[in-house]
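Engineer: Just to be clear, the model below is a prediction. Sequence and coordinates:
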Amino acid sequence: MLSGRWEPVAAICTVAVVGLVTGLTVPLVSLRLSSGGASSALIGTAAALPAVGILAAVMCLGPLTWRWRVKPLLVTGMLGSAVSTGLLAVTDDVPVWLVLRFAGGVFAGLLLVLGETWINAVTAEATRGRWIALYTSVFTLCQVSGPGLLALFGSTAQWSLLVAVLTHVPGIALLAAVSCRIDAFKAGKPAAAWTFARAAPTIALAVLMFSFFDSAVLALLPLYGMAHGHAEAVAVLMVGAVFAGDALLQVPLGWWADHVDRRRLHVGCAVLVLLLALAMPLLLGVSVLTWPALVVLGAAAGGVYTLGLVRIGQDFTDDELVDANAGATVLWALGSLVGPLIGSAAANLLPPDGLMLALAAVTALFLTAAVAEFRAPARLSR
């Protein structure tokens, strides 16, 4: 049995596969359905089903953790994720694909809630920012590796799915070899996850803001760039610049969070997102400023999420930590569902800058809650 020092590494490996599987299978299934002549409604349904599965997993988390320990649930999530991903390679039956997308979301929900709880529970307060930042960086790198595999092997080859399945092996091996200090943690009733937003509204809005940003940027930023006169290839690279900033600058930000007031840094990241979103129409017209601005935008938005997770570990403990992470996962799934819808509606109503105005509005909502928290800095009520 490996020592407890390996627990954060095992937890990161456990959750990181969700990023790779999501980044690969969402566009892969969409492309295959499109090539088969599927309607846009069916393609949209397939894309939304993983988020629905995540919500279902969170709602069932209480009974699951009362019946079984955390470690077997994590192993089940890893094996289920690997199987549901691999089966996409052996069938062309659309109804089966839809079932597999929902099942993949269920297993992803288990891994996200329990994995993030594990990371937060076993990291020391003095280094929590760095560990959470490392996790979010690895998750983002895995997420953007999915489209990379798709570009390398194509949507018709099965090699990308095989690679995704094999990436589960290190996580399963570490789970088998390492102790798990949260093994006895229990989640509350399903309603306990929903009370997270009332107990920690600022942190809840941070998660919602980033999930909105993440899904809307991935889906709509290329269209936004093209609306400002950039070629399609350049507009697609803009998404890469945003996620590069998110992935590469979180660890320095996490180190900074371990040495300064985390609430103030949290607000600072959001202010930067707000200013860049409002200034983006001007920045896109100056090429020397466009790319640094997109990188910093991704870093600042990712920082809002990273610091939200850090503060969950700071303000919640033991079984409450499971419920807090469950609540955060629900909000992440909801933000991922509504992000493209609200972003596209804003782009249609306020062309060509509706996307950035919508992002600015969501960020302003978070900042309003953060300012209210500063005015009433009492300890969170649980």
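Structural biologist: Perfect, I can see it now.

Engineer: which parts of the top helix by length along the chain are buried?
Structural biologist: Determined from DSSP state H, the single longest helix within the chain is helix 318-349. Going by neighbour count (16 or more other CB atoms under 10 Å), the buried part of helix 318-349 is 319-340, 342-344, 346-347. The way it works is simple: take the backbone N, C-alpha and C, and place the C-beta from them, glycine included.

Engineer: ok now that helix, how far from the chain's centre?
Structural biologist: Relative to its chain's centre, helix 318-349 lies at 9 Å (CA atoms, centre = their mean, to the nearest Å).

Engineer: and that helix, what does it pack onto?
Structural biologist: Where contact means 3 or more CB pairs under 8 Å, 6 or more residues apart in numbering; DSSP states H and E, helix 318-349 is packed against helix 40-67, helix 94-122, helix 190-194, helix 196-199, helix 201-227, helix 287-315, helix 354-375.

Engineer: Which of those helices sits closest to L150?
Structural biologist: Closest to L150 of these is helix 201-227 (CB to CB; 13.4 Å).

Engineer: which strands and helices sit next to the closest one?
Structural biologist: By 3+ CB pairs under 8 Å, 6+ apart, helix 201-227 packs against helix 232-248, helix 262-283, helix 287-315, helix 318-349, helix 354-375.

Engineer: got the ones you listed as CSV, with distance to V163 and mean pLDDT columns?
Structural biologist: Listed next are the helices and strands packed on helix 201-227 as CSV, based on distance: least, CB to CB, whole Å; pLDDT from 0 to 100:
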stretch, distance to V163, mean pLDDT
helix 232-248, 19, 86
helix 262-283, 33, 95
helix 287-315, 25, 94
helix 318-349, 24, 87
helix 354-375, 32, 92
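
Engineer: Tell me which of these sits nearest to V99.
Structural biologist: Nearest to V99, of the helices and strands packed on helix 201-227 and by CB to CB, is helix 318-349 at 18.4 Å.

Engineer: Now do the closest one and helix 354-375, the angle between them.
Structural biologist: Relative orientation of helix 318-349 versus helix 354-375 (axes from the mean of the first three to the mean of the last three CA atoms, to 10 degrees): 140 degrees.

Engineer: Pull the number of nearby residues for L152.
Structural biologist: 12 (other CB atoms under 10 Å).

Engineer: Go ahead and confirm it touches G146.
Structural biologist: No - judged on CB atoms under 8 Å, L152 makes no contact with G146 at a distance of 10.8 Å.

Engineer: okay if I get the helices and strands packed on helix 201-227 as CSV plus distance to W255?
Structural biologist: CSV is the format used below for these (distance: least, CB to CB, whole Å):
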stretch, distance to W255
helix 232-248, 13
helix 262-283, 11
helix 287-315, 11
helix 318-349, 22
helix 354-375, 22
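
Engineer: Please identify which of these is closest to P50.
Structural biologist: helix 318-349 (8.5 Å).

Engineer: circling back to that earlier point, for G62, which of the helices and strands packed on helix 201-227 is the nearest?
Structural biologist: So among the helices and strands packed on helix 201-227, helix 318-349 is nearest, using CB to CB, at 8.5 Å.

Engineer: Could you pull up the residues touching G254?
Structural biologist: Taking CB atoms under 8 Å, 6 or more residues apart in numbering, we find G254 in contact with G129, R130, W131, I132, A133, L134, T306, V310.

Engineer: For the second one, which non-adjacent residue is closest in space?
Structural biologist: Think R130. G254 (4.4 Å; CB to CB, 6 or more residues apart in numbering).

Engineer: Tell me how far that neighbour lies from P8.
Structural biologist: 12 Å (CB to CB, to the nearest Å).
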